[in-house]
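A.B. asks: Task: produce atomic coordinates for the following.
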Amino acid sequence: MAVVVTVAKGYDLGYVWKNQAQGGAERATGGYYINAAQAGEPPGRWWGPGAKALGFAPCQVVERKPYEAVYKQLDPRTGESLGRPRGTYAKFADHLARLRAAEPHATAERLVELEREAAQATRQPAAYTDVTVSFSKSISVLHASIRENTRRARLAGDQRAAAYWAGQEEKFQAVLHRANRAALEYMQKWAGVTRTGCHGTRVDGQEPGRFEAAGLIVTSWLQGTSRDGDPQDHIHNQIARITRTFSDGKWRAHDTASLRAVIGALQAVAATAVECELTREFGVDWVPRADGCGNEIKGVTQAQMDAYSTRTVQVHEKERELAQAWERRNGRAPNSRQLFYIARDATLQSRKGKDAGEIDWDAFAQRWDVTLGGELANIAPAVSNTRGPDTSAPPADNSREPSGAEPGGPPSRQAQARAVQKALTLVARKHSTWTWHDLVKQLALVMPADTRHMSPQAAQELLLGLAEEALSGRTGDVVSLEAPEWPPLPGALRRELDGRSVYTRPGTTRYATAAQLSTEERLVAHAQAQGAPRLPRELAARRLGADPALLDAQMRERAQDARKQVTQRGLRLDQAAATWHVLTSNRTAEVITGPAGTGKTRVLAAAARAWAGPGRTAPGGCLAPQRHRTPPTSCARPAWRWRPTPPS
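C.D. replies: All right, here's what the predicted structure looks like:
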């Protein structure tokens, strides 16, 4: 996809200021620097209803002093506190004092270990939530080409060409900001939420507190390089932890769980907007990515994108290094779950710190040009209608649309139906159950490329309209998994946004495809089928070292009441009873559940030994972790299934 959106907690209020201009460079009306060389990153901009309530106009340039006041939850005009103060945690010194008090005779070496433990246990409240909108490498390459043309024109002393390319640079940044604002508007609609009332207890499984709409406070910071100095356009959106409730005007904490639920849809909305905007303003065309994850700009080659993917190469190299080290330590290759954690560690260990100081765009553009052998400047004229001030030059592609061309219409109904079916297949492949936002993300990945000739607003309306049509249930392909409310809620307690109760988060209704439910029903029916091989009750009990009557009685008791009783084979009585039930059941599948630390692995090993008999190995039973959408108990995950094969 042309956009990737990530979310993380933010603590450093000075991070985005490291590459800001310190010398007061002159700015144009829109906030861009007139002199692109050695001007630093573009300034941040305020956005959101909450920011407007504090006196900031949309897109107003961010100044340091009011910025720090807002993220410290102070009104920048009066200095008054906004809402409740952020949570406080024990400091490093407090942790260390408690650890030392517990070990008054600790040696010097032990004190060093205690200091390390205190440092790891120390927490601090986040100042903001960082939602980063990262644009695809082909977009960044086109932007870098425009910067290089600007540098060359300035170096040649061609003021007319320099002014032209500087204008294109300003227009390109405006496109990226408009795409980002489209995502912020979607975020405000679905994730501009705060919690009111009491949420500390549950009544009949529901929180009695309400989820109220609230105005977000956002500062957006466009940055053009990766940590390794490659061209990489991305926007840091710092979402304040405080919001202004629309209903009563009070300042309350932002519900970040609602924000994290919409990340996939934010990615879809921003990608749709930026692709349509770049098509309209720069006449680019789009081609599907080889991996099926969205589009890239037509004409920007994979080799050119790979040349500016230093970070990806470094992470992959670190992954291989860590995986090889893991294999040497453990004598086997890591499995998929272990590889997930290895990949995460590789990303963190290979990450460089951000250098402070103003960005010298001329120096960066020159370096990027050398990376492509002096061909960087040729990319923009080849893939877009940006060809320099001499408009009489013929375009590289006669089909290229001029800037401001009439937007195209939507694709045919057949094409729309195919896109919906593809999206449903993709979302069901990734999740057994999913939300509206999950479907919107997958729809954006499979939308026909000709939709990028539509206006950004029309393309977004088409995207969301197709998602709504798919979830309506009219086609029978999608089933809502939410039980009807009873008794029906009055209209005053329903949200206009999604028609659900104000006591639930917006957009959390889960859906599944009819095909998925049908498959699960067949699996359940197969698992409940009778006639599977089993052991006689007395034989199974003897091999477990317990009496059949005692095991049968334990099946009707609480597991906690039998934890102190142990069988002759070393199993607790509750473990033995569960194993005995599995070994003697004639159903195709049985499930044993239990919280972490209750000995599920040991139980399954005992079941395999009992099934095979004394002195023999299990002839091929299947032991596999199972994920349940609705676990039998709140603490029963993961669950384990054991399906034995008949003993020889």
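
A.B. asks: Tell me the helix or strand right after the longest strand along the chain.
C.D. replies: With secondary structure taken from DSSP state E, the chain has its longest strand at strand 231-240. Reading on from strand 231-240 to the C-terminus, the next helix or strand found by DSSP states H and E is strand 242-245.

A.B. asks: how far does the helix or strand just after that next one sit from the chain's center?
C.D. replies: Next along the chain after strand 242-245, taking DSSP H and E as the criterion, comes strand 251-253. Strand 251-253 has its average C-alpha position 24 Å from the chain's average C-alpha position, going by Cα atoms, centre = their mean, to the nearest Å.

A.B. asks: lowest-confidence helix or strand of the chain?
C.D. replies: Least confident element among the helices and strands of the chain, by mean pLDDT, DSSP states H and E: strand 622-626 (a mean of 40).

A.B. asks: which other helices and strands contact the longest strand of the chain?
C.D. replies: Of the remaining helices and strands, those touching strand 231-240 by 3 or more Cβ pairs under 8 Å, 6 or more residues apart in numbering; DSSP states H and E are helix 64-71, strand 128-135, helix 137-155, helix 159-191, strand 218-225. C-beta: built from backbone N, CA, C; applies to glycine.

A.B. asks: Check the secondary structure at residue 259 for me.
C.D. replies: helix (DSSP: H, G, I helix; E, B strand; the rest coil).

A.B. asks: cool, and the one 5 residues further on?
C.D. replies: Using three-state DSSP as the criterion, the local structure at residue 264 reads helix.

A.B. asks: Surely it and residue 436 touch.
C.D. replies: No - with contacts counted by Cβ atoms under 8 Å, residue 264 stays clear of residue 436, the gap being 10.0 Å.

A.B. asks: which stretch among the helices and strands packed on strand 231-240 comes nearest residue 320?
C.D. replies: helix 137-155 (21.9 Å; Cβ to Cβ).

A.B. asks: by contact count, what packs against the closest one?
C.D. replies: With contacts defined as 3+ Cβ pairs under 8 Å, 6+ apart, the packing partners of helix 137-155 are helix 159-191, strand 218-225, strand 231-240, helix 263-282, strand 295-297, helix 302-307, helix 361-371, helix 379-383.

A.B. asks: List the contacts of the closest residue to residue 532 other than its chain neighbours.
C.D. replies: Nearest in space to residue 532, with sequence neighbours left out and distances taken as Cβ to Cβ, 6 or more residues apart in numbering, is residue 588 at 4.9 Å. The contact partners of residue 588, by Cβ atoms under 8 Å, 6 or more residues apart in numbering, come to 526, 527, 528, 529, 531, 532, 643.

A.B. asks: picking that back up, mean pLDDT for the helices and strands packed on strand 231-240 - can I get that in a markdown table?
C.D. replies: A markdown table is the format used below for these (pLDDT from 0 to 100):
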| stretch | mean pLDDT |
| --- | --- |
| helix 64-71 | 95 |
| strand 128-135 | 96 |
| helix 137-155 | 95 |
| helix 159-191 | 96 |
| strand 218-225 | 94 |
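
A.B. asks: Could you single out the most deeply buried of the ones you listed?
C.D. replies: helix 137-155 (a mean of 25; mean count of other Cβ atoms under 10 Å).

A.B. asks: Can I get that helix in PDB, CA atoms only?
C.D. replies: This file holds the C-alpha atoms of helix 137-155, laid out as PDB (Å, rounded to 0.1, in the frame of the first residue of the first chain):
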ATOM      1  CA  LYS A 137       9.200   4.400  -1.300                       C
ATOM      2  CA  SER A 138       8.100   5.300  -4.900                       C
ATOM      3  CA  ILE A 139       6.400   8.400  -3.500                       C
ATOM      4  CA  SER A 140       9.600   9.300  -1.600                       C
ATOM      5  CA  VAL A 141      11.700   8.700  -4.700                       C
ATOM      6  CA  LEU A 142       9.500  11.100  -6.800                       C
ATOM      7  CA  HIS A 143       9.800  13.700  -4.100                       C
ATOM      8  CA  ALA A 144      13.600  13.200  -3.900                       C
ATOM      9  CA  SER A 145      13.800  13.700  -7.700                       C
ATOM     10  CA  ILE A 146      12.000  17.100  -7.400                       C
ATOM     11  CA  ARG A 147      14.500  18.100  -4.700                       C
ATOM     12  CA  GLU A 148      17.400  17.200  -6.900                       C
ATOM     13  CA  ASN A 149      16.000  19.200  -9.800                       C
ATOM     14  CA  THR A 150      15.700  22.100  -7.400                       C
ATOM     15  CA  ARG A 151      19.300  21.800  -6.400                       C
ATOM     16  CA  ARG A 152      20.600  21.500  -9.900                       C
ATOM     17  CA  ALA A 153      18.600  24.600 -11.000                       C
ATOM     18  CA  ARG A 154      19.900  26.600  -8.100                       C
ATOM     19  CA  LEU A 155      23.400  25.400  -8.700                       C
END
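
A.B. asks: re the thing from before, and the helices and strands packed on strand 231-240 as CSV, adding distance to residue 426?
C.D. replies: Converted to CSV, the helices and strands packed on strand 231-240 look like this (distance: least, Cβ to Cβ, whole Å):
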stretch, distance to residue 426
helix 64-71, 38
strand 128-135, 21
helix 137-155, 22
helix 159-191, 20
strand 218-225, 30
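
A.B. asks: Go through these and name the closest to residue 593.
C.D. replies: helix 159-191 (33.7 Å).

A.B. asks: I'd like the next helix or strand past that closest one.
C.D. replies: Note on helix 159-191: by DSSP H and E, the next helix or strand toward the C-terminus is strand 193-196.

A.B. asks: follow-up on the earlier one: neighbouring strands - and their directions - for the longest strand of the chain?
C.D. replies: The pairing partners recorded for strand 231-240 under DSSP bridges are strand 128-135 (antiparallel), strand 218-225 (antiparallel).

A.B. asks: Enumerate residues external to the last one that contact any of its residues.
C.D. replies: Residues outside strand 218-225 that contact it (Cβ under 8 Å, 6+ apart) are 16, 19, 41-42, 44-48, 51, 62, 67, 140, 143, 147, 173, 176-177, 180-181, 184, 231-240, 359, 361, 364.
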